[in-house]
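[1] quick check, what structure comes out for this input:
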Amino acid sequence: MLHVLESAGVEPYGQITSETIEDGKSRRRETPSQARNFLDCMRGLFRWAKDAGHNKTDPTLGVKNPKKRRSKGFPAWTEDDVEAYQRKWPLGTKERVWLDVLLYTGPRRGDVVKLGKQHERMEVDPYTGATIRVVSFRTEKGGETIEVTIPILPVLQTTLDAGPTGDLAYVCGDRGTPLTKESFGNAFSAAARAAGVKKSAHGVRKIAATTAADNGATVHQLMSIFGWKTTQMAEFYTREANRKRLAREAIHTLSRTLGQQTIPSPSRSVPLTLGKPK
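    Have a look, this model is predicted:
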């Protein structure tokens, strides 16, 4: 709105037309996010103005949103990234706790800074009858709350036992102090860069989902682990995993000799005649 006021603050709003809005959107076409923000701002303004009786028409009606640029989002971590990070930050460092909590529970950044011992409880595994430790927490996405309950894997328990962890959160800063999601994101990125990995915490969530899908997790199992409300994200990961599996299973079909009989080579016991035939 400040940019609009700078360029057209003295113009009568009654003279602003759809063409005016289109021109404003067009001037911001090199930055689609700014074009969208501009259009959202104008829509809010003129819907209010029309409802309040200040304007007879809404010039934003019929103006389409700018197309979003396709982006893969945060880059996913690779196995090499994980190994590099673990070499730099061994067991007994807070940075290792940060990675392993992300890697073996898969929470969002806003949830990982809250996850701690108060979320643990003991349950009986219905399949084995053994008593296991689980962590249960609520995650919010799009205004909806989802309950997530997952067992603590032995590899994660080893990391937590080595610490250091905070009193109310596994993830902590110096001297066990808690972290906000923003400060954690910055600190984790710095720790990753120190290990030669220029990626974010969200990329760890991606490799966790990829690993689970590659190991055979179903759509609904992924939804339960990662707190997804719809199947869209889970289907993306299972689709990628299935594509890899199908490629492995079908690679032999590229063989050009598949189904052909092998013609035996001539016997070397018969001498070859290189002279002129009689």
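[2] need the longest strand for this structure.
    With secondary structure taken from DSSP state E, the chain has its longest strand at strand 131-141.
[3] neighbouring strands - and their directions - for it?
    As defined by DSSP bridges, the strand partners of strand 131-141 come to strand 120-124 (antiparallel), strand 144-151 (antiparallel).
[4] how distant is the last one from the center of its chain?
    I take that to be strand 144-151. Here strand 144-151 shows a centroid-to-chain-centroid distance of 17 Å under the convention Cα atoms, centre = their mean, to the nearest Å.
[5] domain assignment for the chain?
    With domains defined by automatic domain parsing, the chain comprises 2-51, 79-114+154-236.
[6] now the closest residue to Ala209 other than its chain neighbours: how far from Gly106?
    In space, and not counting its chain neighbours, Ala209 is closest to Tyr237: 4.8 Å by Cβ to Cβ, 6 or more residues apart in numbering. From N, CA and C alone the C-beta is placed, and that goes for glycine too. Tyr237 is 11 Å from Gly106, where distance means Cβ to Cβ, to the nearest Å.
[7] tell me which of the strands paired with strand 131-141 is the most buried.
    When the strands paired with strand 131-141 are scored by mean count of other Cβ atoms under 10 Å, the highest mean neighbour count falls to strand 144-151 (a mean of 14).
[8] next, the angle from the helix or strand just after that strand to strand 131-141.
    Sequence-wise, the next helix or strand downstream of strand 144-151 (DSSP states H and E) is helix 154-162. Put simply, helix 154-162 runs at 90 degrees to strand 131-141, going by axes from the mean of the first three to the mean of the last three Cα atoms, to 10 degrees.
[9] show me what helix 154-162 is packed against.
    Contacts defined by 3 or more Cβ pairs under 8 Å, 6 or more residues apart in numbering; DSSP states H and E place helix 154-162 against helix 94-105.
[10] quick one: the helix it packs on to strand 144-151, angle?
    Using the same axes, to 10 degrees: helix 94-105 against strand 144-151 is 100 degrees.
[11] who touches both of Tyr237 and Gly106?
    209, 212 (Cβ atoms under 8 Å, 6 or more residues apart in numbering).
[12] low-confidence bits of the stretch 151-278 of the chain, can you list those?
    For the stretch 151-278 of the chain, the stretches flagged by pLDDT under 70 are 256-278.
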